[in-house]
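Trainee: can you look at this prediction? I've put the sequence above it.
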Protein chains: 2
Amino acid sequence: MKTTIYDIAKAAGVSIATVSKVINGTGRISTDTRERINEIMQELDYQPSVVASALTGKSTFTIGLLIPDLANPLYAEIARSVEDRGRELGFNLVMCSTDNNPRREGDYITFLKQKKVDGIIISTGISNEAGLKSLNLQRIPVAFVTRDIPTLEADSVRVDDFAGGYRAASHLIGLGHRHIAVVTEDMNLQASRERVRGCRFALEEAGIEGGGNTVIESVSSVEEGKRHALELLTSEHSPTAIFACNDLLAIGAVQAAKELRLTIPWDLSIVGFDNTLLAGIVDPPLTTVSQPIAQMGRQVMDLIIQEVRGQKHGKQRIVLTPELIVRQSTTFPRKV
Amino acid sequence: MKTTIYDIAKAAGVSIATVSKVINGTGRISTDTRERINEIMQELDYQPSVVASALTGKSTFTIGLLIPDLANPLYAEIARSVEDRGRELGFNLVMCSTDNNPRREGDYITFLKQKKVDGIIISTGISNEAGLKSLNLQRIPVAFVTRDIPTLEADSVRVDDFAGGYRAASHLIGLGHRHIAVVTEDMNLQASRERVRGCRFALEEAGIEGGGNTVIESVSSVEEGKRHALELLTSEHSPTAIFACNDLLAIGAVQAAKELRLTIPWDLSIVGFDNTLLAGIVDPPLTTVSQPIAQMGRQVMDLIIQEVRGQKHGKQRIVLTPELIVRQSTTFPRKV
DNA sequence: TTGAAAGCGCTAACAG
DNA sequence: CTGTTAGCGCTTTCAA
């Protein structure tokens, strides 16, 4: 049997109330008994039950993390940084990969509520609105990373996606590209829309429009990215550059180019987004827009914990600036 | 306030015991009241508190997963498959990235015990023996994926690492390579030792020894893999092939080769291990030994849940066969 | 400075 | 078939 607070109380010859107080550092206890109790807890290797204390209304010290897919390097990296900060603060993470499936989101939210998690961090797309509302009702703090729902009262940490798209496009335009195609993820996501909007803005600013400047919507995977890039590159007005709204899609484009025997960057420039592990590994290394993942993970966790501890006034929306990482997948368009 | 079993009981005009029984499907309840209670639970959107029921000795429906690093694609993929199976069975996963740091392992194990998780799945290296023993004492089921501790009573699912190493080496030998270097991860891990042993066995079997057949131990990362590969490739007896004990190290080798302007596979053949997402993305695509990750994740989860439910007799050690995936990073050694 | 006791939400005998 | 009741391990008044 696990040792309980009763065992400690008995061994120390005090009441469980006293033990509870020394555990939590509440009330006034004589240094004498405090030390004795502490010693005994050591000896008996006593660890208070989070379950029991949670039942009395205290924290469970666990946070739920909703992401589309843990096997996607971007989200794995986010999860890792969130987890790390959580550990530092004494909180664990329960992972929920939703595949952007609202049904699954709902299921996970139900689980998390039943387990009385202290808060939920969301990095997944089309969030089940009903589920979210039920969280608000039960006063479970919610925070977003990587995305945001403006109409919702919640903390959030994300990157300025518009600026990211703008920067990517400006880079290409600066190199002389005039036919730039965009491959984007689900346009229902605000992040996608913003990236595309930023890109368009740069194009218009430079007085470029129409022509090869298509926008294609794709599912976020290497395979789909490749498929769509192939379409683009074999179409009549094949672009000289592709801006892919995430690294996975960009890599798909790289593979498509190779299949068509186009050399990157000479025959085709490609810009990605996210700067995941993958961007440095493909050949050629990808020019990409970097999200400060480690920092973002850390910050959401900080925000939500402050919320949990009730040491926060209003909600905060933190918007960080993305950075363009120029590697070797972009250059001047070849004069044809 | 969240609705509790009392609210339901009151609304239905029955006792909480009755409600409890219909929730759990225990005891005999008239179809009439059962239906009435179910309806009311629906209406009031009642979800039983896992915390409370856990306190009475029932499951918490959460499993801990200890891995070295969630940001490493291999482990992210494992985590994803474990998570998926867990969801199907009604269990959540709490993620613990240990960086192979025994101290951190210990901390996580303590957390998990306090939260009364139903079981722990371990995929991390040099596991804190003391911590593991304490789990045994508290009868918390433990299962290993990807590795195993033979001296411990526990379920495990892994790949035959010896066979994997053997296959990788045989492939290279079959192509005509005689100078094969090995870059391995921490040799304290049984998996590493076995892979190397399998490789050596193939070498000896083919009557090859000494020469360029060095074994270098490295930290598992692209950078370190690259560093060690550079050393190898600039040494006197530069090998014609490298067997890297995981894809990360293999990719490091790829980068090293490129830096030295060696073309793969013509100047240097490289074989990896794990067949992660990365293997298909590097250029050239990596010949690698594949672990059936999805299946392994599913199986450990199944094993540990059986254990949790007490529907298991003894422990099981499942050993799967790895498969060599031949892509484009290997070929005949160039005649010099 | 310490302890008795009520209660958190639910389960599981045991009675009726 | 249904209800009473005693916990599960801990927190928190309120007294002493």
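Mentor: That came in fine, so what should we check first? Note that this is a predicted model, so its numbers are computed, not measured. Numbering: from 1, shown residues only, chains lettered A, B, ... in the order given.
Trainee: tell me which helix or strand residue A:136 sits in.
Mentor: helix A:129-137 (DSSP states H and E).
Trainee: which residues are in contact with residue A:60?
Mentor: Applying C-beta atoms under 8 Å, 6 or more residues apart in numbering or on different chains, we find residue A:60 in contact with A:50, A:54, A:115, A:116, A:117, A:118, B:51, B:115. For the C-beta atoms, the positions are set from N, CA and C on the backbone; glycine is no exception.
Trainee: restricted to helices, list these.
Mentor: A:50, A:54, B:51 (DSSP state H).
Trainee: neighbours around the nearest residue to residue A:135 once chain neighbours are set aside, how many?
Mentor: Take residue A:135 and drop its neighbours on the chain: the residue closest to it by C-beta to C-beta, 6 or more residues apart in numbering or on different chains is residue A:142, 5.5 Å away. Neighbourhood size, residue A:142 [other C-beta atoms under 10 Å in any protein chain shown]: 24.
Trainee: dig out what residue A:142 forms beta bridges with.
Mentor: residue A:120 (DSSP bridges).
Trainee: that one and residue B:92, how far apart?
Mentor: 18 Å (C-beta to C-beta, to the nearest Å).
Trainee: do residue A:242 as well
Mentor: Applying C-beta to C-beta to residue A:242 and residue B:92 gives a distance of 39 Å.
Trainee: more neighbours: those two, which one.
Mentor: residue A:242 (34 against 24).
Trainee: next SSE downstream of the strand or helix carrying the more buried one?
Mentor: In this structure, residue A:242 sits in strand A:241-244 according to DSSP H and E. The helix or strand immediately downstream of strand A:241-244 is helix A:247-259, counting by DSSP H and E.
Trainee: what packs against that next one?
Mentor: Counting contacts by 3 or more C-beta pairs under 8 Å, 6 or more residues apart in numbering or on different chains; DSSP states H and E, helix A:247-259 packs against strand A:180-184, helix A:222-234, strand A:241-244, strand A:269-274.
Trainee: so who does residue A:226 touch?
Mentor: Here residue A:226 is in contact with A:252, A:253, A:255, A:256, A:259 (C-beta under 8 Å, 6+ apart).
Trainee: next, the buried residues of the helix or strand bottoming out on mean pLDDT in chain A.
Mentor: Lowest on mean pLDDT, DSSP states H and E among the helices and strands of chain A sits helix A:129-137, with a mean of 82. For helix A:129-137, the neighbour count (16 or more other C-beta atoms under 10 Å in any protein chain shown) marks A:131, A:132, A:134, A:135 as buried.
Trainee: likewise for stretch A:87-107?
Mentor: In stretch A:87-107, counting by 16+ other C-beta under 10 Å, buried: A:87, A:89, A:91-98, A:100-102, A:104-107.
Trainee: output stretch A:306-321 as CSV - backbone C-alpha positions only.
Mentor: Taking Å, rounded to 0.1, in the frame of the first residue of the first chain, the C-alpha atoms of stretch A:306-321 are listed here in CSV:
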residue,chain,number,x,y,z
GLN,A,306,-0.4,32.6,-14.6
GLU,A,307,-4.0,32.2,-15.4
VAL,A,308,-4.2,29.0,-13.4
ARG,A,309,-2.6,30.6,-10.4
GLY,A,310,-5.0,33.5,-10.8
GLN,A,311,-2.1,36.0,-10.9
LYS,A,312,-3.4,37.6,-14.0
HIS,A,313,-5.8,40.5,-14.8
GLY,A,314,-6.8,40.4,-18.5
LYS,A,315,-6.0,38.3,-21.4
GLN,A,316,-2.9,38.8,-23.5
ARG,A,317,-2.3,38.4,-27.2
ILE,A,318,1.4,38.1,-27.9
VAL,A,319,2.5,38.5,-31.5
LEU,A,320,6.1,37.8,-32.3
THR,A,321,7.9,38.8,-35.4
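Trainee: could I get the pLDDT score of the residue of the stretch 1-150 of chain A found nearest DNA strand D?
Mentor: As assessed by C-beta to the nearest atom of the strand, DNA strand D sits closest to residue A:5 within the stretch 1-150 of chain A, at 2.8 Å. At residue A:5, the pLDDT value in this model is 96.
Trainee: and the residue of the stretch 201-336 of chain A found nearest DNA strand C, backbone torsions?
Mentor: Here the stretch 201-336 of chain A gets closest to DNA strand C at one residue, residue A:308, 17.9 Å apart by C-beta to the nearest atom of the strand. Here is the backbone geometry of residue A:308 (degrees, to the nearest 10): phi -60, psi -40.
Trainee: distance of the nearest residue to it once chain neighbours are set aside relative to residue A:89?
Mentor: Leaving aside its chain neighbours, residue A:308 sits nearest to residue A:118 (4.6 Å; criterion: C-beta to C-beta, 6+ apart). Distance from residue A:118 to residue A:89, counting by C-beta to C-beta: 11 Å.
Trainee: next: residue A:31.
Mentor: 29 Å.
Trainee: then residue A:199?
Mentor: Relative to residue A:89, and taking C-beta to C-beta, residue A:199 is found at 38 Å.
Trainee: next: residue A:172.
Mentor: Residue A:172 is 41 Å from residue A:89, by C-beta to C-beta.
Trainee: can you check residue A:267 too?
Mentor: In terms of C-beta to C-beta, residue A:267 sits 50 Å off from residue A:89.
Trainee: circling back to that earlier point, out of the buried residues of stretch A:87-107, list just those in strands.
Mentor: A:92, A:93, A:94, A:95, A:96, A:97 (DSSP state E).
Trainee: so what's the residue count around the residue nearest to the last one when sequence neighbours are not counted?
Mentor: The shortest distance from residue A:97 to any non-neighbouring residue, by C-beta to C-beta, 6+ apart, is to residue A:70 (4.7 Å). Residue A:70: 27 surrounding residues under other C-beta under 10 Å.
Trainee: confirm residue A:70 sits in a helix?
Mentor: No. Under DSSP: H, G, I helix; E, B strand; the rest coil, residue A:70 sits outside any helix and is assigned coil.
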